[in-house]
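Colleague: sequence below, structure please.
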Amino acid sequence: MRRRRAAVYLTAAVVVGIAAGCSTPHYVPRGTTYYVSPRGDDRADGTSAGKAWRTLARADKAALHPGDRLLLQGGARFPGTVTIGARDAGDARRPVTVGSYGGGRATISATDTPGVSVHDTAGVEIRDLTLSGPGARSTGEAGVNLYADKAGAGAERHVTVVGVDVSGFRVGVAMGSAAAGTGFRDVTVRDADLHGNRDAGLLTYGPAFDVHHPAYAHENLLLEDVRAYDNPGDPTASHRHTGNGIVLGGVRHATVRDSTAHDNGDQSARHAPAGPVGMWTYDSTRVLIEHSSSYRNHTGSKVDGGGFGLDSNTSHSVVQYNVSYQNDGSGYYVYSHPANGAHADNTIRYNVSADDARKLPHHGALTVYGSRVHDLRVYQNTVTMSHSPGGDGTVVLLRPGNNGISLRNNILVSDGDPLVTADRVLTPAQVVFQGNQYYAASGHWTVRWGGHRYTDLAAWRDGTGQERVNGKASGTSADPCPKGGALPDPATPGDVGLFTPRCPRDGLDLTALFGIDPGTVDVLGHKVPTPPAIGAVQP
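Modeller: Reported below is the predicted structural model:
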């Protein structure tokens, strides 16, 4: 452990052999445990609770070898930071642990530094700590900051962050890299409360994406039970987006599971070029976001403020078994800024959206826009939307410039706004609707397709070629009769059981017709029959 400006390093390796011809066991030295307590003494050796150090400044002078532990007294507050540098830790099999001892969590109170910094090393576990910053607007640091910039290095292996509460920083947990392939591998963040941080609860990032030579800074991430909330954004940051929940950038193979992002972004800048989103990924591949919720996220600008997003240069990724509701922007969106073809082969399935697109005009609860999104499959979702107070809302919004987009077996319910809006005519080769259920809970049944307005399913089908399979009509305008009513009470949209259809309709056999595996369970874990019923919840 060291500060970057000064360090004392010790290294050790012990191997004990037995005479030739016998097996050769390896003796693994037991790590040292160091203690820090407000009642300690920096002149002590720190190796027991009775001989604890008093300050983090003293602890920061020690080198932490593989297997060592640095434990802070639970319930106590320690000003300063813990820094683990390039010559500390480094062994994934024998990680260095930073945590608490005794009762409860210790608190690290940082001012102009991260709470815990890991630089150009790994083999580190950060456990059972509260990290408190000086205030979201008073620091540019992260509560837990993982960063790699060592030239020519490979990815650092094994970092675990578990049982932490992080607030008052620019970002709660940040993981970054200066070059592709030099970031972190095998990273787990679990049981974490990330709140009151200015820009984001959790953020990963890497170098700019190169479409000709795709590479990713970080690999094999697992986020479980991460709670990112009340991260407000920066009202002065008109040049960037702030106020996000969970952002994954520059990653290959990542899973977000059983996590929440809510009530973020309410102070983000009015003129920012992009707004915050609850959970989203960009410049990444093979990302799975499942069994999570994103709700009441906001934006100060005229864009974003959504629940879940697959943003620019995202490929081979899946968003499934989630619920979004009452977000300013789209519940689920797919977007690509560069027209480079790198946004491809993604799936959105078995999700629920309720009353999204609450603030922004010209937004859909489910939105696909940008440049050259292709091979996107959207199926077995339930999207309900009462009339948008932002004006000119729609359940599904489609922009031009995309190809190979399919929407199948989805329930789409509107309360007066259009069920589908495409601002230009899109052919079935670009976007195809098949086997969906469209229901107007009140007002007129409406689809806006280019300059045309269709007031029933048959007219839209005949005018555009949508909702046909092998020349036969598909889709329905019947009421799905959801358990909680066509539009659930605003106080209960997180109860996914309310969306169970009491008048279920068989959907298309996705496997037989299109070679799509519909999965074995729905959003509630119910078994999926063949063919599945339309919507995210099977009856």
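Colleague: isn't residue 304 up against residue 277?
Modeller: Yes: judged on Cβ atoms under 8 Å, residue 304 makes contact with residue 277 at a distance of 5.4 Å. Backbone N, C-alpha and C define where each C-beta goes, glycine included.
Colleague: list the buried residues in stretch 276-294.
Modeller: Within stretch 276-294, the residues that count as buried by 16 or more other Cβ atoms under 10 Å are 276-290, 292-294.
Colleague: could you pull out the helices for this protein?
Modeller: 56-59, 457-464, 510-514 (DSSP state H).
Colleague: most tightly packed of those?
Modeller: helix 56-59 (a mean of 20; mean count of other Cβ atoms under 10 Å).
Colleague: contacts for that helix, please.
Modeller: The contact list for helix 56-59, computed with Cβ atoms under 8 Å, 6 or more residues apart in numbering, reads 1, 34, 36, 42, 46, 53, 70, 78-82, 108.
Colleague: kindly report the same for stretch 525-539.
Modeller: Outside stretch 525-539, the residues touching it (Cβ under 8 Å, 6+ apart) are 350-352, 380-382, 409-411, 435-437, 476, 480, 496-497, 499-502, 504-511, 518-524.
Colleague: show the buried residues in those residues.
Modeller: In these, burial by neighbour count holds for 350-352, 380-382, 409-411, 435-437, 476, 480, 496, 499-501, 504-505, 507-508, 510, 518-519, 522-523, counting by 16+ other Cβ under 10 Å.
Colleague: picking that back up, which of the buried residues of stretch 276-294 fall in strands?
Modeller: If you go by DSSP state E, those have 279, 280, 281, 282, 285, 286, 287, 288, 289, 290, 293, 294 in strands.
Colleague: got the residues you listed as a markdown table, with pLDDT columns?
Modeller: As requested, those are exported to a markdown table (pLDDT from 0 to 100):
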| residue | pLDDT |
| --- | --- |
| 279 | 98 |
| 280 | 97 |
| 281 | 97 |
| 282 | 95 |
| 285 | 97 |
| 286 | 98 |
| 287 | 98 |
| 288 | 98 |
| 289 | 98 |
| 290 | 98 |
| 293 | 97 |
| 294 | 97 |
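Colleague: ok, which pair from these is furthest apart?
Modeller: 285 and 293 (24.2 Å; Cβ to Cβ).
Colleague: end-to-end on stretch 97-115?
Modeller: Using Cα to Cα, to the nearest Å, one end of stretch 97-115 lies 15 Å from the other.
Colleague: tell me the mean pLDDT for that stretch?
Modeller: The predicted model assigns stretch 97-115 a mean pLDDT of 96.
Colleague: same deal with stretch 257-277?
Modeller: Stretch 257-277 comes out at a mean pLDDT of 91.
Colleague: what about that stretch, distance to the chain center?
Modeller: 12 Å (Cα atoms, centre = their mean, to the nearest Å).
Colleague: convert the C-alpha atoms of that stretch to PDB, please.
Modeller: The C-alpha trace of stretch 257-277 is given here as PDB (Å, rounded to 0.1, in the frame of the first residue of the first chain):
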ATOM      1  CA  ARG A 257     -28.300  -8.900 -11.600                       C
ATOM      2  CA  ASP A 258     -30.800  -8.200  -8.800                       C
ATOM      3  CA  SER A 259     -29.900  -4.500  -8.800                       C
ATOM      4  CA  THR A 260     -31.700  -1.200  -8.600                       C
ATOM      5  CA  ALA A 261     -31.300   2.300 -10.000                       C
ATOM      6  CA  HIS A 262     -33.800   4.900  -8.900                       C
ATOM      7  CA  ASP A 263     -34.300   8.600  -8.300                       C
ATOM      8  CA  ASN A 264     -31.100   9.600 -10.000                       C
ATOM      9  CA  GLY A 265     -30.400  12.700 -12.200                       C
ATOM     10  CA  ASP A 266     -32.800  15.300 -10.700                       C
ATOM     11  CA  GLN A 267     -30.100  18.000 -10.700                       C
ATOM     12  CA  SER A 268     -28.400  17.200 -14.100                       C
ATOM     13  CA  ALA A 269     -27.600  20.100 -16.300                       C
ATOM     14  CA  ARG A 270     -30.400  21.700 -18.400                       C
ATOM     15  CA  HIS A 271     -28.200  22.000 -21.500                       C
ATOM     16  CA  ALA A 272     -26.200  18.800 -21.300                       C
ATOM     17  CA  PRO A 273     -25.700  17.100 -24.600                       C
ATOM     18  CA  ALA A 274     -27.000  13.800 -23.100                       C
ATOM     19  CA  GLY A 275     -28.900  13.000 -20.000                       C
ATOM     20  CA  PRO A 276     -28.400  10.400 -17.300                       C
ATOM     21  CA  VAL A 277     -30.000   7.000 -17.400                       C
END
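Colleague: and the helices of the chain as JSON lines, adding mean pLDDT?
Modeller: Shown next, in JSON lines, are those (pLDDT from 0 to 100):
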{"stretch": "helix 56-59", "mean pLDDT": "97"}
{"stretch": "helix 457-464", "mean pLDDT": "96"}
{"stretch": "helix 510-514", "mean pLDDT": "97"}
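Colleague: low pLDDT regions in this protein?
Modeller: 1-29, 136, 152-153 (pLDDT under 70).
Colleague: if you set the cut-off to 50 instead, what comes out?
Modeller: Scanning the chain for pLDDT under 50 picks out the ranges 2-24.
Colleague: now the ones in strands among the buried residues of stretch 276-294 in CSV, with distance to residue 325?
Modeller: What follows is these, written out as CSV (distance: Cβ to Cβ, whole Å):
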residue, distance to residue 325
279, 14
280, 17
281, 20
282, 23
285, 28
286, 27
287, 22
288, 21
289, 16
290, 17
293, 8
294, 8
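Colleague: narrow the contacts of helix 56-59 to those in strands?
Modeller: Using DSSP E, the contacts of helix 56-59 in strands are 34, 36, 70, 78, 79, 82, 108.
Colleague: bridging across strands, which residues link to the residue lying closest to residue 174 once chain neighbours are set aside?
Modeller: With sequence-adjacent residues excluded and distances taken as Cβ to Cβ, 6 or more residues apart in numbering, residue 174 is closest to residue 142, at 3.6 Å. For residue 142, the beta-bridge partners under DSSP bridges are residue 171.
Colleague: could you measure from residue 142 over to residue 493?
Modeller: Separation of residue 142 from residue 493 (Cβ to Cβ, to the nearest Å) stands at 32 Å.
Colleague: just residue 249 next, same as before
Modeller: For residue 249 relative to residue 493 (Cβ to Cβ), the value is 29 Å.
Colleague: skipping adjacent residues, who's closest to residue 268 in space?
Modeller: In space, residue 268 is closest to residue 233, 3.1 Å off (Cβ to Cβ, 6+ apart).
Colleague: with residue 401 instead?
Modeller: residue 371 (4.9 Å).
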